[in-house]
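Q: turn this into a structure:
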Amino acid sequence: MSTTHFGFQSVDEKDKARRVRGVFDSVASKYDVMNDLMSGGLHRAWKAYTVMVANLREGSQVLDIAGGTGDLSLAFARKVGTTGRVVHTDINEAMLRVGRDRLIDAGVVLPTLVCDAEALPFPDAHFDVVSVAFGLRNMTHKDVALKEMCRVLKPGGKLLVLEFSKVAQPLTKAYDWYSFNILPKLGQMIAGDADSYRYLAESIRMHPGQEELKQLMHQAGFGHVDYHNMTGGIVALHVGIKC
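A: Residues are numbered from 1 along each chain as shown. You can find the predicted model right below:
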């Protein structure tokens, strides 16, 4: 039996996806509110920077993985125009349903489907840009998922990985205190779920740091990989270009 981490716990690989699904089923309805509270609204700036780096044009074909409540999909859709396409996906149906409804409320209808990033149901060399925001750390086999993202990109296509990362050393103690003392309490108060936000804090610590993720992306087939630290390394945007 192969095991992997679920936060600080060691679990059967086959059980991780179910547990992650349970976390997001629990928090889906309060996800956006909690994002604003947890980050002090900074997640909006992180995502706006991601959209800028994507440098989308009219007609671009975009795949948004772990698209959840749809904020990046919506921003991308406004850049690609009527001749482009943004595909909004997530492995979690509850999150995807919230995102689909939010997109429709904004007057935007996108292809929306439940799919696993480790087995993407798209042909080779299909997209100009693939994005995954705050979702890679929840994937059981990150190497497999990154290879799939590379496969569906056109040559010269761009992968954007926006994810929590390794914070700068002077901020470590304060960040740890906030993560393990304040986040679970906020989760309990707003979403009625402290455990899911305790998992969030733990999963961030188990995720590869900036340089390690850069190497994983190279190994997955990306020729050029760079990263941009934001807010003292709390978040990093990794950018990979397919050869």
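Q: ok, residues contacting the lengthiest helix in the chain?
A: The longest helix of the chain (DSSP state H) is helix 13-27. Applying Cβ atoms under 8 Å, 6 or more residues apart in numbering, the contact partners of helix 13-27 are 1-4, 6, 11, 31, 34, 68, 91-92, 94-95, 116, 138, 140, 187, 191, 193, 196-197, 199-200. No exception for glycine: its C-beta is placed from N, CA and C like everyone else's.
Q: what about burial for the residues you listed, which qualify?
A: Burial by neighbour count, 16 or more other Cβ atoms under 10 Å: within the contacts of helix 13-27 this picks out 4, 6, 31, 34, 68, 91-92, 94-95, 116, 138, 140, 187, 191, 193, 196-197, 199-200.
Q: what sits against the nearest residue to Glu163 once chain neighbours are set aside?
A: Closest residue to Glu163 apart from its sequence neighbours, by Cβ to Cβ, 6 or more residues apart in numbering: Leu136 at 5.4 Å. Each residue near Leu136 by Cβ under 8 Å, 6+ apart is listed here: Ala66, Lys142, Ala145, Leu146, Val161, Glu163, His207, Leu213.
Q: quick one: the last one and His238 touch, right?
A: Yes - Leu213 sits in contact with His238 when judged by Cβ atoms under 8 Å, with a separation of 5.7 Å.
Q: shared neighbours of those two, anything?
A: Val161, Glu163, Tyr227.
Q: elements contacting the strand of greatest length in the chain?
A: As assigned by DSSP state E, the longest strand anywhere in the chain is strand 153-164. Packing partners of strand 153-164 (3 or more Cβ pairs under 8 Å, 6 or more residues apart in numbering; DSSP states H and E): helix 42-54, strand 127-133, helix 142-152, helix 210-219, strand 235-242.
Q: tell me which of those sits most buried.
A: Sort these by mean neighbour count, taking mean count of other Cβ atoms under 10 Å, and strand 127-133 sits at the top with a mean of 25.
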